[in-house]
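Structure for the following, please:
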Amino acid sequence: KNFLLDTRYNDIDRATMDFISSRGIDDSRLLALEHALLKREAETSHEEQRLLTAHDAIELCRTLELSKLPNGTISSLPDKQPLFDIEGLAVSVRPTNLVVAPLLGKRAKGIGLIKPYLCKTRPLTIESSSLHGALLLMYLGEAYPHLGEPRPELTAVIDIFAQKIFVAPRNFLQRTKLLRAASIEIVDRWQSVRERLVELDRGKRA
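Next comes the predicted model:
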């Protein structure tokens with residue numbers, strides 16, 4: 001928990017949302033977060049490193065080349081979003097932006113999602129980005145079916161540290177099967193994993 005919180009990645013993720021919506025024009029929220037972090041004094045070397053990484057991430061967000069963003073109108077999504085149930089597994093997807101675009105020859109509009117990916121040590125590959133894109137398309141069909149037709153070309157994951165934009169794959173059905181299978185495996189194994197964690201915790205307290 002502490003490792004996840006002190007990276008400030010959640011804050012950066014949401015601050016990037018407005019930058020994406022404006023297609024790189026409005027960086028005020030990123031700058032405000034940067035100024036807030038500059039006022040923090042690191043009490044340990046670990047915290048100092050996390051703050052430096054957060055500053056790097058903010059600067060990389062502000063220098064993103066966004067010309068490859070999907071076409072269409074991009075808007076911001078609420079910070080709080082419901083968990084997505086996949087085969088009994090509660091998954092936090094948390095996309096930052098919604099994309100809406102007209103479809104040629106159709107009344108219904110096309111819709112997509114955008115989500116920044118913040119991980120310095122594990123850059124996205126073609127396959128891992130495709131799984132992320134498939135997850136976003138699954139979530140799109142569940143959370144926003146009333147807004148239009150989910151479209152892969154309007155859905156993207158942005159690897160902030162690698163400075164790359166990955167559009168969701170057109171053939172994503174096989175990857176949704178992989179995601180569902182992985183979710184089932186996690187659900188099936190979780191109870192035994194949880195019991196082991198409880199036992200380890202009791203052993204530390206004894």
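
ok, Phe172 touching Leu140?
No: counting by Cβ atoms under 8 Å, Phe172 stays clear of Leu140, with 11.0 Å between them. Placement of C-beta: from N, CA and C, glycine included.

higher neighbour count, the two?
Leu140 (26 against 21; other Cβ atoms under 10 Å).

and that one, which of the three is it?
Taking DSSP: H, G, I helix; E, B strand; the rest coil as the rule, one finds Leu140 in the helix state.

And for the closest residue to it other than its chain neighbours, the neighbour number?
Nearest in space to Leu140, with sequence neighbours left out and distances taken as Cβ to Cβ, 6 or more residues apart in numbering, is Pro150 at 4.3 Å. Applying other Cβ under 10 Å, we find 22 residues neighbouring Pro150.

ok, Met138 - contacts?
By Cβ atoms under 8 Å, 6 or more residues apart in numbering, the residues touching Met138 are 84, 86, 176, 179.

how about these in JSON lines, adding secondary structure, pLDDT and neighbour count?
Formatted as JSON lines, these follow (DSSP: H, G, I helix; E, B strand; the rest coil; pLDDT from 0 to 100; neighbours: other Cβ atoms under 10 Å):
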{"residue": "Phe84", "secondary structure": "strand", "pLDDT": "93", "neighbour count": "16"}
{"residue": "Ile86", "secondary structure": "strand", "pLDDT": "95", "neighbour count": "21"}
{"residue": "Thr176", "secondary structure": "helix", "pLDDT": "94", "neighbour count": "16"}
{"residue": "Leu179", "secondary structure": "helix", "pLDDT": "95", "neighbour count": "20"}
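
Okay, and the beta partners of the residue nearest the centre of the chain?
Taking Cα atoms, centre = their mean, the centroid of the chain lies closest to Lys115, which sits 4.2 Å from it. Legend: beta-bridge partners of Lys115 under DSSP bridges are Val157.

Wait, it touches Arg94, no?
Yes: with contact defined as Cβ under 8 Å, Lys115 reaches Arg94; the gap is 7.1 Å.

coming back round to it: which pair of the contacts of Met138 spans the longest distance?
Pairwise distances across the contacts of Met138 peak at 12.2 Å for Phe84 and Thr176 (criterion: Cβ to Cβ).

And for stretch 77-92, what's in contact with it?
14, 17, 93-98, 113, 135, 138-139, 142-143, 179-180, 183-184, 186-187.

Sort out for me which of those are in strands.
Members of the contacts of stretch 77-92 lying in strands (criterion: DSSP state E): 97-98, 113.

Buried ones among the residues you listed?
Neighbour counting over the ones in strands among the contacts of stretch 77-92 (16 or more other Cβ atoms under 10 Å) leaves 97-98, 113 as the buried ones.

Could you dump these into a markdown table and include distance to Ser28 and pLDDT?
Shown next, in a markdown table, are these (distance: Cβ to Cβ, whole Å; pLDDT from 0 to 100):
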| residue | distance to Ser28 | pLDDT |
| --- | --- | --- |
| Asn97 | 16 | 97 |
| Leu98 | 20 | 97 |
| Leu113 | 23 | 97 |
